[in-house]
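J.: Provided below are the primary sequence and the corresponding predicted coordinates.
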Amino acid sequence: MRGTFVTFEGIEGSGKSTQIVLLANHLKTTGMQVVLTREPGGTPIGDQVRRILLNPEHTALDPTAELLLYAASRAQHLHEVILPALDRGAVVLCDRFSDATLAYQGYGRGLDIEMIRALDRIVTMPEARPSLTLLFDIDAASGIARAHSRNASQGLLAEARFENEELAFHERVRQGYLVLSRQEPDRIRIVDASPSPGEVHALVRAIVDKRLRS
């Protein structure tokens, strides 16, 4: 039986990276085969692309070049990790996927949305579409404050290129995510990211357990 593809989305500091680990641990206790991965990255080649994309020194990176680097990382990720895992029946949990590209490079950077969708159709395929996407929503100012605090405490300053963007950029990204959620309400479920991690995890478990039983 083919596996289930679940993606986690949200602005910086929304808590999605914490929640994806909590959900993976929960699903593993039920005996499910779980693959936990992320974008950009997820493969040795993709991780090298990640270092380019998230390096705060790369302020001159052109938005179109940025878009193409994400697409290249995703193509490798699908070929090497995601599709093989789905073929063997695993639940694949991915920290960011195609929706992030639309939100960040489309709504955030201002690149043409239809161009991004056309490129994504080249990279992905129908069987690689997530069956469920969890969108962790929080106001941009709170999210960025969380992200800066996390980066400082965990030594993640080498991956802070997006956190260093102006607040207006993150507000555009957030609004872009909300537009996407209205376009596909059956797939994209909004999760309020402002409560405690434990409360958010309970919401996530309820949504995902119901989807996996259906």
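T.: Arrived safely.

J.: lowest-pLDDT helix or strand in this protein?
T.: The helix or strand of the chain with the poorest confidence is helix 140-154; it has a mean of 85 (mean pLDDT, DSSP states H and E).

J.: Wait, residue 162 touches residue 58, no?
T.: No: taking C-beta atoms under 8 Å as the contact criterion, residue 162 and residue 58 are not neighbours in contact, 11.0 Å apart. Backbone N, C-alpha and C define where each C-beta goes, glycine included.

J.: With neighbour numbers in mind, choose between those two.
T.: Neighbours of residue 162 and residue 58, each counted by other C-beta atoms under 10 Å, are more numerous for residue 162; the result is 18 against 13.

J.: OK, contacts around the more buried one?
T.: 12, 54, 104 (C-beta atoms under 8 Å, 6 or more residues apart in numbering).

J.: And for residue 140?
T.: 11, 167, 170, 171, 173, 174.

J.: likewise residue 92?
T.: Contact partners of residue 92, counting by C-beta under 8 Å, 6+ apart, are 3, 4, 5, 6, 34, 35, 37, 81, 82, 85, 86.

J.: re earlier: the contacts of residue 140 in helices, which ones?
T.: With helices defined by DSSP state H, the entries of those inside them are 167, 170, 171, 173, 174.

J.: Generate a markdown table for these, with distance to residue 71 and pLDDT as supplementary columns.
T.: Written out in a markdown table, the entries for the ones in helices among the contacts of residue 140 read as follows (distance: C-beta to C-beta, whole Å; pLDDT from 0 to 100):
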| residue | distance to residue 71 | pLDDT |
| --- | --- | --- |
| 167 | 27 | 95 |
| 170 | 22 | 97 |
| 171 | 25 | 98 |
| 173 | 18 | 98 |
| 174 | 23 | 98 |
